[in-house]
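Trainee: Next one to model:
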Amino acid sequence: MLNSIEAPTRAPAGDRTSATRWLRNLSVLSLGSSIALTAATRALRQLGATVEVASSPDSVSPAMLRDSAIVLIDRIEGAVDLPGLPSASTERYMEFVAAHNSRGVWVTVSAYGISNARRDAVASEVTLLAAGGILGHSRVGDELPPIIPASPIGLKLVGQVTAMAALHGVHARLETGGPIHVDVSAQAAIVATGLTLEMGHSLAHCPDEGGSARYGAPTGFFQCADGAVYVVVLEQHQWEGFKTSLAPRLDAVLTLEDARTNADEVNQALAEWTSTRTAADCERTLQAAGVPCTSVNTVERMIQRSHESGRPFGLEFDAAPMLPADITEIPGKNPAPRAKGAIPVRDLRVLDAGHVLAVPLSTAWLGAMGAQVTKMEDPDRLDVYRRRGPFSEGVPGLNRSGYFNHINFCKALMDIVVDADGSSLDVTDFDVVMHNVTARRAARVGFDTASVTAHITPKLALASSGFGLTGEWSSYRAYGHNIHAFAGLVAATRDARNEMADVGTPWADPLTSVALTTWVLAWSLAPERLSSYAIDISMSELMAAQLDDLLHADSEEIYRPADTGGDFFVRISGTARLLAVSLRSASDVTCFESTTGQSLPEFTRRGQLIEYGPAEDGTLTVELMDERLRASGIPTALVLTTHELAKDDFLRSTELFQAVESKALGRYDVTGLPWRFVGRPKAQLTAAPERP
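Mentor: Purely as a prediction, here's the structure:
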């Protein structure tokens, strides 16, 4: 059966909508409706493409494969039957693609990519998060199993990356004129997005711990009279606001560094303060002082609050946007020649006016695709990542930050002057201007929507913020973990102790990077751009859009008995390493027990930790179990950390890590694009711009 889904109609200019017609000339054929493909097709349909979903190979003809602008296929969980090619081996599958993809872009998303030694391996949500390093950083103790998110956010993010890769493929086809086969690795997609900061820390050889471990005090969840809030303080000015809000409790703690030294005292003071107030009151009070504090909402509560706040958001219908945003169409002024026809990505002129993570990572990806990206810096207000590190080898320096260098590659540097008389910035020569700073700062420097779209059409102005530029939360400050709590992920996720928990990485930020990049690629492929557009992205709305399945989830989890499989972790007594395993049927259970020589106990919870005693001859290891089970077609993966992934022989063989050269650091690795064009070398990346 073939289901045809037309792109939604765009609302009039100025109306709040998330649909465009930019991809109206693109036809997309999805061979199946997996979690990843559903996320990809929802995003492409929202951007104007016409999508057909084939539920069986019998409904697909060679002509459909040949004539579709984009063909999507998901091999993450196993080979997919194709017309005339049942249960194809990778070799036969590649021959099939070559024979049927004579005009368009074919996108294959698989567990580890189809251009390497693991081309036939499979994965599940849990093993994907293990292989991608997320579970290795989502722990509450070495003796307990990792935290598994309540929603399949890994597969959904891979789907979003697949849509982004498909549009890059369309650009490549326009440039070369020939068919393109895009090979997307689900593991690489997770490493390059959800794990990006931790990878920067490891690849730059920074000391101490990376990611969320760098947070000081106060940091974490704090119970209120009617719920909980998440609070994090990372800057001195935030500490000043926080201390004022709790005065006189912490008046003797003068600086943020003092607070980190006295973390127990600070966190105890905040816990006492929040315990007598409602979550909403804590949120409003601390946010008014400039402190990132958000309530822990369910998805339902987040939607309800959005309607109360003046920025209504919903997920209660099938056409709910995968990439929610406010879109404003600005009538054309002085149309430029590039208002007609696609703008090749190599000709796209992009201004990165952002900081920290979401915007810089997006523009780095665009630079890796060939766009002309300029990093704007105000010498008096340098990016916090450039200033604060962590620094390579522990040696401070403005050009030595592991985070900054890892997410700012493939850019040129442009300094500006901002003083009482205004700003030296001129945005005239840029097609795309992207930022994630406050509206006040954007207006002062001159990259707000009004400034960007004032003179020449077409222009695309993108703003990313925690809660959007409109509504009562528009001034709220937030980091990734605040967004997870606010959007509903934390309330639904439990750790091994059955306590409320979060993903151990800033998931919302790279998710936003994917969305920003996808918007830019779609806009540049539009057949015409007679108007300019402003895109206002709320990270909390974007995060919640990935959690729509939680709206209808049962309050009690149902665990599969041991005879039909499930998701669990294995450890050998006396060792530390964990193996994630997903058994999907009774035959998988039989395969597991015969391959490992071990029986399965009755499962009591998803993500249960099973410990086996060591074999007398010492041959039973999780590494050997991983190898044998993976060869048998069982989804397994070692639970790896970034330090292990940075040295992993297999991952390095895929060329996900690419070397760049700089004056300050010499030759070092960054994480590149998590896909490749089959039969073509990856483009060479350049190091992040350095300051004199």
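
Trainee: Using the record's domain definitions, break the chain down for me.
Mentor: 2-194, 321-474+523-552, 566-640 (automatic domain parsing).

Trainee: Out of those, the one nearest N267 is which?
Mentor: For these, proximity to N267 was assessed by Cβ to Cβ; domain 2-194 is nearest, at 16.5 Å. (C-beta placed from N, C-alpha, C; glycine too.)

Trainee: what sits against V71?
Mentor: Contact analysis of V71 by Cβ atoms under 8 Å, 6 or more residues apart in numbering lists 28-29, 31, 65, 101, 104-107.

Trainee: Strand partners (parallel or antiparallel) of whichever strand or helix holds it?
Mentor: Using DSSP states H and E, V71 maps to strand 70-75. Sheet pairing of strand 70-75 (DSSP bridges) gives strand 27-31 (parallel), strand 105-110 (parallel).

Trainee: Relative to R75, which of those is closest?
Mentor: In terms of Cβ to Cβ, the element of those nearest to R75 is strand 105-110, at 4.1 Å.

Trainee: And that closest one, what's buried?
Mentor: For strand 105-110, burial by neighbour count (16 or more other Cβ atoms under 10 Å) applies to 105-110.

Trainee: Could you export these as a markdown table, including distance to D548?
Mentor: Formatted as a markdown table, the buried residues of strand 105-110 follow (distance: Cβ to Cβ, whole Å):
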| residue | distance to D548 |
| --- | --- |
| V105 | 28 |
| W106 | 28 |
| V107 | 23 |
| T108 | 26 |
| V109 | 21 |
| S110 | 25 |
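
Trainee: Then D669 would be within a helix, right?
Mentor: No: per DSSP: H, G, I helix; E, B strand; the rest coil, D669 lies outside any helix segment and is strand.

Trainee: ok, now which ones touch it?
Mentor: When contacts are taken as Cβ under 8 Å, 6+ apart, D669 is in contact with 203, 646, 657-660.

Trainee: Low-confidence regions, the protein specifically.
Mentor: Applying pLDDT under 70 to the chain flags residues 1-17, 209-216, 316-319, 552-561, 616-618.

Trainee: Which positions in the lengthiest helix in it come out as buried?
Mentor: Ranked by number of residues, the top helix in the chain under DSSP state H is helix 153-176. Buried positions in helix 153-176, judged by neighbour count with 16+ other Cβ under 10 Å: 153-173.

Trainee: same question, stretch 652-665
Mentor: Within stretch 652-665, the residues scored as buried using 16+ other Cβ under 10 Å are 654, 656-658, 660, 662, 664-665.

Trainee: Just put the contacts of V71 in TSV and tack on distance to T328.
Mentor: Below are the contacts of V71 laid out as TSV (distance: Cβ to Cβ, whole Å):
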residue	distance to T328
V28	26
L29	32
L31	36
L65	38
N101	38
G104	32
V105	30
W106	35
V107	31
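
Trainee: Pull the number of nearby residues for A325.
Mentor: 26 (other Cβ atoms under 10 Å).

Trainee: In this structure it contacts M539, no?
Mentor: No: in this structure, A325 is not within contact of M539 by Cβ atoms under 8 Å, at 10.8 Å.

Trainee: any idea which element the spatially most central residue of the chain lies in?
Mentor: Centroid-nearest residue in the chain: L511, 2.7 Å away (criterion: Cα atoms, centre = their mean). Element membership for L511, per DSSP H and E: helix 508-525.

Trainee: relative to helix 153-176, how tilted is that helix?
Mentor: 30 degrees (axes from the mean of the first three to the mean of the last three Cα atoms, to 10 degrees).

Trainee: The very next helix or strand once past helix 508-525: how far from the chain's middle?
Mentor: Next in sequence after helix 508-525, counting helices and strands by DSSP H and E, comes strand 532-538. Averaging C-alpha positions (Cα atoms, centre = their mean, to the nearest Å) puts strand 532-538 19 Å from its chain's average.

Trainee: What are the contacting residues of stretch 542-550?
Mentor: Outside stretch 542-550, the residues that touch it by Cβ under 8 Å, 6+ apart are 39, 150-153, 156-157, 298-299, 302-303, 313, 315, 320-325, 483-484, 486-489, 492, 507-508, 511-512, 515.
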